[in-house]
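K.L.:
The following comprises the amino acid sequence and a computationally predicted model.
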Amino acid sequence: MGELDVLMLRLDAPMVSFGAARIDKNGVVQALPGRAMLTGLVGNALGWEHRDAARLQSLQGRITYAVRQDVAGEALLDYHTVDLGQPFMLEGWTTRGAPEGREGGESKTGTLIRYQHYRADAVYTVALALREGEGPTLDDVEKALRSPERPLFFGRKCCLPSGRIVQGRARAASLREALRAFPCVTRGGARRETKADEKCTTWWPVREGTEIGRTIELTDDMDWSNQVHVGRRAMQEASVSYAKAVAS
């Protein structure tokens, strides 16, 4: 098997929210970013919209990745209520400067309760590659993430990046190896520090080896036409030691 062309990304933000299948009023999240979240991030950078469901579906099927949690951060729960019957809730303003009415299956009246889950002060490193197929190339994805068509966010719109996302390109035999060769992040001062010999939670495709850790099943793909999480996909999860560390 030849070497992979891999795009190295860093997801660093005051808050992140890697959404999973919603359970009633609970906007639950995964510990690490899923494939739908990465698809949405790239699609947003390319300037695509929700109505571009076919393109998003195709891109999602081509994305393959490994991810490492460099800094675990802390769990954060946001409890809030919203009265959708208030006049100011009937229309919102988009990044394009035009009002947009509320749509979807939720009632436009009455008070809704939400429990939104986040991870605060966490950092992740992603090794991302694309399978062959129609659509953007890895060069296109890198260019879009460096100079996006719209503001980018990690999961929810309030989760804005605190630094540049693209960290460079790599050539490696596997996504797992690309991640192993890429330095971890450290945190100084009052923030939690990742030591050079500390083990970090890591996910990679099961085809790249299951000799350590455990195989987990994720519902992290999106049916982009109906805007719901679907399916079941296997990844390998393990705590892995990384020899290098750099200051963020």
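P.N.:
Ah, there it is.

K.L.:
C184 bridge partners, please.
P.N.:
Counting by DSSP bridges, C184 forms beta bridges with A245.

K.L.:
got a pLDDT number for it?
P.N.:
C184 is assigned 84 on the pLDDT scale.

K.L.:
same check, this time on R192
P.N.:
pLDDT at R192 comes out at 47.

K.L.:
go on, R164?
P.N.:
Reported pLDDT for R164: 94.

K.L.:
secondary structure class for it?
P.N.:
Put simply, R164 is coil when judged by DSSP: H, G, I helix; E, B strand; the rest coil.

K.L.:
contacting residues for it?
P.N.:
10, 146 (Cβ atoms under 8 Å, 6 or more residues apart in numbering). Using the backbone N, CA and C atoms, a C-beta is placed for each residue, glycine as well.

K.L.:
Kindly report the same for the one 3 residues further on.
P.N.:
Listed by Cβ under 8 Å, 6+ apart, the contact set of Q167 reads 8-10, 125, 182.

K.L.:
which of the residues you listed lies closest to L41?
P.N.:
Closest approach between the contacts of Q167 and L41, by Cβ to Cβ: L9, at 8.7 Å.

K.L.:
neighbours of E134, just the number please.
P.N.:
Applying other Cβ atoms under 10 Å, we find 8 residues neighbouring E134.

K.L.:
residue contacts, it?
P.N.:
Contacts for E134 (Cβ under 8 Å, 6+ apart) come out as S58.

K.L.:
What does it show for phi and psi?
P.N.:
Main-chain torsions, E134, degrees, to the nearest 10: phi -80, psi 150.

K.L.:
CA-only coordinates of the longest helix along the chain in PDB, if you can.
P.N.:
When the chain is parsed with DSSP state H, its longest helix is helix 35-46. Coordinates of each C-alpha in helix 35-46 appear next as PDB, following Å, rounded to 0.1, in the frame of the first residue of the first chain:
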ATOM      1  CA  ARG A  35     -17.100  12.400  10.500                       C
ATOM      2  CA  ALA A  36     -20.300  14.500  10.100                       C
ATOM      3  CA  MET A  37     -18.700  17.300  12.100                       C
ATOM      4  CA  LEU A  38     -15.600  17.300   9.900                       C
ATOM      5  CA  THR A  39     -17.800  17.200   6.800                       C
ATOM      6  CA  GLY A  40     -19.700  20.200   8.000                       C
ATOM      7  CA  LEU A  41     -16.500  22.100   8.800                       C
ATOM      8  CA  VAL A  42     -15.100  21.500   5.300                       C
ATOM      9  CA  GLY A  43     -18.400  22.100   3.600                       C
ATOM     10  CA  ASN A  44     -18.700  25.400   5.400                       C
ATOM     11  CA  ALA A  45     -15.200  26.400   4.400                       C
ATOM     12  CA  LEU A  46     -16.000  25.700   0.800                       C
END
